[in-house]
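Student: Could you look at this predicted model? Sequence included:
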Amino acid sequence: MSTRGMIAALASLGLGLGACGAPAALGAPPAGQSVLQSSSPAATSSAEVAPTPAEAPVDFDVSLALSDPAAAAAFASAVSDPASATYRHYLTPAQWEQRFSPGQASVDAVTAWLSSQGITVTAVTPDRMTVHASGSAAAVERAFGTSLNEYIHHGRIVRLAAGPLAVPSSLAGVIAGVSGVDQNLARPDHLTGAERGAAQAPAPAAQAPLGEIPQPPASRTSPPCSKTYGQKTDTTDPIYGGGFPSPLPYAVCGYTPPQLQGAYGLAPQIATGVDGTGVTVAIVDAYTAPTLLADAQQYSARHQPTQPLQAGQFSELPSAKYNEVGQCEASEWFGEQTLDIEAVHATAPGANILYVGAKNCSSGLYEAVQRVVDGHLAQIITDSWGDGGGDLLDSPGTRHGFDNVLLMAIGTGIGVQFSSGDEGDEFTTLGMTVADYPPSSPYVTAVGGTSVQIGNGNARLGEVGWSTAKSALCSEALVAEEECETSSLGTWVPPAPGAYHYGGGGGTSYVYPEPKYQALVVPPALAARNSAITGIANRVEPDISMEGDPATGMLVGETQTFPSGVHYGEYRIGGTSLSSPLLAGVMADADQAAGTPLGFVNPLLYKLALSPAGAAAFFDVVPAGKQALARVDYVNELNTKHGTVTSVRVLGYEGRETFCSGTGNCTHQKVALGAARGFDSMTGLGTPASGLVAALAKP
């Protein structure tokens, strides 16, 4: 989209940004009140459904300002900068809280005000940064001087404030932001890639205890597929054309742990015991499947029998209760949890794994991360979720409050990773190029996706950025679904190179300045992509990437609901939800090799990219050229009862993409994320090479 078009799009969302992404000027609040944060750009009249019922319960968090925000940010920079005298001189949580957390007087003032508004304070976090509260919608509206409505956002109905949130002027410097009043329903960043619409699991009650959320509907990978990249080729379907090779290789059935260890150069070091032993990786997702350990143990017994997941390596920290299970499509998160655990164990078979189950897919996820940071329960946290376009669309209060938690993580030696998303630059979903949050935060390691090509001997044959265009072979089944015309039977629709489908997320932030660690590595044109609006160079993500393409993907094992009953089954899955836990395992290996937590690794990663060691540390992902896979999927994602669909998936796609609004108006642009030598917007610094762990561990 052109600069002029982007500015117009932002204006249509009611969002004005100053030089550093501050909210535009808002109307004067009532006497004695100060505007805390603007309303969400997603709260537009065209998306409004109905007012939120006055009696509806609203759980939300009030984030308190740090006692010295500038000093906290400066300490985070110093403790993670290899050139600093305080590099890796971490504080304990208690020490960090003593230096930077809000004082008890701030907590008391906020809790007293909330109570005076008829709102219940349910808890205060040990770090004193967050006050958890609950009240009726009517009470929340009165307290913050706003109104709450239901809106359609990303295909789901969510609650948003229709106007800015105000607080008493006496608290304006005490409260950093409010999250949860606006519902940000995160999605897990995983995909099977079949997209044919498997049967939905029955919805449990609005609030459900552990064990009452049903197992998800079963999914199976359809043959033909290859055990190694290029093992089988499609010699029966029409030639794809467009300059692509013929015959095309079939999609991979799903890589196994030995293949991934081999491709990323981890196998030799794991064989010598550098396997993450002694390091704990926390996995944060919504809800908790009841079969996580049993599934992961059965999977490892089948696919890495010499590296079993021992019961003593795994622990769970579930929520006492769950809510928003319908809105969050709770069963969908079970596959995410399984994938994350099995992926971490694939690249760090000796690491301890702590699974943390959030109470919902909105504020609960942020609370779960904070719980790990407060208790210093892990050295690495991997998060395979985010809010599409959240760099712009999430409330400033959400970003501000969670960024404070991330500063504490950095200061206490915890590395936090987020998958970069599965919708590329988000143009096809939002009509503008915008990054997701939290991966756009400069305080996390944003992990993008690739399509890795693993051959015989578990060797990496190549690797390209995950950006997929799709064409389907027109069949009678697709004609019946009105996805192609009878006149197109037996041809590829659309013709080569297809239409953009999905890909690893990334982009340039609108709210975060370019961090110091990126300044000498990220091409100036990428950092300045939004400078006509922000006036400055900005943060670019992802930082680094790993396998994520659902057409290559990883084979996982999970207890699912089959027609014959509920039992274990295996299928291929991808998305940057795979990329982040794979990298978390690599980081656990590096922590063990270093003999100390590496903490926030971005400054070190970018320093390596500038050093002679970078060539051995990173595999540079470059443009893919003409590459594609043939893929067959069950229509029902399970068996041949309703037939199969054949498609071609173009790899490393950098052509045109299309956004169509609800009114049917469509606009087009070139995919904004692309691969290039060195740092690029599709894969960041590239992917791990065989020398990465040793380079990270070097003093």
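Tutor: Yep, that arrived. Note that this is a predicted model, so its numbers are computed, not measured. Numbering: from 1, shown residues only.
Student: Only C-alpha atoms from now on, for both contacts and neighbour counts.
Tutor: Will do.
Student: Am I right that Ile157 is in contact with Glu150?
Tutor: Yes - if you go by CA atoms under 8 Å, Ile157 and Glu150 touch, sitting 6.2 Å apart.
Student: higher neighbour count, these two?
Tutor: Glu150 (22 against 17; other CA atoms under 10 Å).
Student: pretty sure the more buried one is in a strand, no?
Tutor: Yes - counting by DSSP: H, G, I helix; E, B strand; the rest coil, one finds Glu150 located in a strand.
Student: show me the contacts for it.
Tutor: Neighbour list for Glu150: Glu48, Val49, Ala50, Pro51, Thr52, Ile157, Val158, Arg159, Leu160 [criterion: CA atoms under 8 Å, 6 or more residues apart in numbering].
Student: now the nearest residue to it once chain neighbours are set aside: how far from Tyr151?
Tutor: In space, and not counting its chain neighbours, Glu150 is closest to Arg159: 4.6 Å by CA to CA, 6 or more residues apart in numbering. Distance of Arg159 to Tyr151, given as CA to CA, to the nearest Å: 6 Å.
Student: Within the helices and strands, which one has the residue nearest to Glu150?
Tutor: strand 156-161 (DSSP states H and E).
Student: partners of that strand, with directions?
Tutor: If you go by DSSP bridges, strand 156-161 pairs up with strand 148-153 (antiparallel).
Student: what's the burial count for the nearest residue to Arg156 once chain neighbours are set aside?
Tutor: Nearest non-adjacent residue to Arg156, counting by CA to CA, 6+ apart: Gln327, 7.3 Å away. Neighbours of Gln327 under the rule other CA under 10 Å: 16.
Student: Confirm that Gln327 lies within a helix, as I assumed.
Tutor: No - counting by three-state DSSP, Gln327 is not found in a helix; it is coil.
Student: so what's it up against?
Tutor: Applying CA under 8 Å, 6+ apart to Gln327 gives the contacts Arg156, Ile157, Leu185.
Student: wait, isn't the last one in contact with Cys328?
Tutor: Yes - in this structure Leu185 lies within contact range of Cys328 using CA under 8 Å: 6.7 Å.
Student: quick one: pLDDT of Gly211?
Tutor: With respect to pLDDT, Gly211 has a value of 55.
Student: And Ser38, by the same measure?
Tutor: You'll see Ser38 listed with a pLDDT of 85.
Student: Can you give me the neighbour number for it?
Tutor: Neighbours of Ser38 under the rule other CA under 10 Å: 22.
Student: Need the nearest residue in space to it, chain neighbours excluded.
Tutor: Leaving out its chain neighbours, the residue that sits closest to Ser38 by CA to CA, 6+ apart is Pro164, at 4.3 Å.
Student: ok, residues contacting stretch 224-243?
Tutor: Residues contacting stretch 224-243 (CA under 8 Å, 6+ apart): 246-255, 453-456, 490-492, 495-497, 626, 630-632, 648.
Student: Show the buried residues in those residues.
Tutor: Buried members of those, counted by 16 or more other CA atoms under 10 Å: 247-255, 453-455, 491-492, 495-497, 630-632, 648.
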